[in-house]
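Enquirer: Quick one, fold the following:
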Amino acid sequence: MVLVVVIGVSGSGKTTVGSRLAAKLGWKFYDADNYHPLENKKKMAGGTPLNDEDRIPWLCTLHSILRREDSSRQDAILACSALKKMYRHILVNGASAIETEQPEEKPSLKILFVHLDGPIDIIAGRLEKRRGHFMPPELLKSQFDTLEPPSAPENFITVSLEKPLPEIVLEIESAILQGEASVE
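Expert: A predicted model of the protein is given here:
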């Protein structure tokens, strides 16, 4: 059983990559944007970046979804910005992660974080072309300012979003098959 969370700033391709990978592998796919409360969507649509207080209940909801899939032994992929280390810690450990910044001895969930990384100008170009999304391109800089790229001891790989989509999907699939996300 494998849980993968595709992370990155808005416009990095999380939903596209995650949904394509899930379709290829026959896994369940979740887009974290679908679980934002209306207040969060309105705030972002109005050009105001979310703060930790806005994000924490949303992240706890996403942890519950991942926990449910883990309990039912269902492979799943979640597309979620998860820009800060603390946010990824909440996805792994749920609300208990809020009380402590220290990684737990045994993480609640074993997750492979896939960081889609690339230059701001390419991502800005993608956002300019995107229609009907609540996240305005003007908030991209705030996302880069907030971003804390994954680092050890997090279980992660970094993939360049400048590669063609099939190559990105294949790179992630190879990492999964090589045991990057195997259950210990």
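
Enquirer: Can you report the mean pLDDT over the residues of the longest strand belonging to the chain?
Expert: Longest strand in the chain by number of residues (criterion: DSSP state E): strand 111-117. For strand 111-117, mean pLDDT is 96.

Enquirer: now swap in stretch 68-88 and tell me
Expert: For stretch 68-88, the mean per-residue pLDDT is 96.

Enquirer: In CSV, list the C-alpha atoms belonging to that stretch.
Expert: The C-alpha trace of stretch 68-88 is given here as CSV (Å, rounded to 0.1, in the frame of the first residue of the first chain):
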residue,chain,number,x,y,z
ARG,A,68,-8.9,6.2,5.7
GLU,A,69,-7.1,5.0,2.5
ASP,A,70,-4.2,3.6,4.6
SER,A,71,-6.6,1.7,6.9
SER,A,72,-8.4,0.2,3.9
ARG,A,73,-5.0,-0.7,2.3
GLN,A,74,-5.9,1.5,-0.7
ASP,A,75,-3.1,3.0,-2.8
ALA,A,76,-3.8,6.7,-3.2
ILE,A,77,-2.4,9.9,-4.6
LEU,A,78,-3.2,13.4,-3.3
ALA,A,79,-2.3,16.6,-5.1
CYS,A,80,-1.7,19.2,-2.4
SER,A,81,0.5,22.3,-2.1
ALA,A,82,1.9,21.3,1.3
LEU,A,83,4.4,24.2,1.0
LYS,A,84,5.7,24.1,4.6
LYS,A,85,7.4,21.3,6.4
MET,A,86,4.8,21.7,9.2
TYR,A,87,2.0,21.2,6.7
ARG,A,88,3.6,17.9,5.5
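
Enquirer: Next, the buried residues of it.
Expert: Neighbour counts over stretch 68-88 (16 or more other CB atoms under 10 Å) mark 69-70, 75-83, 86-88 as buried. Bear in mind the C-beta positions are built from the backbone N, C-alpha and C, glycine included.
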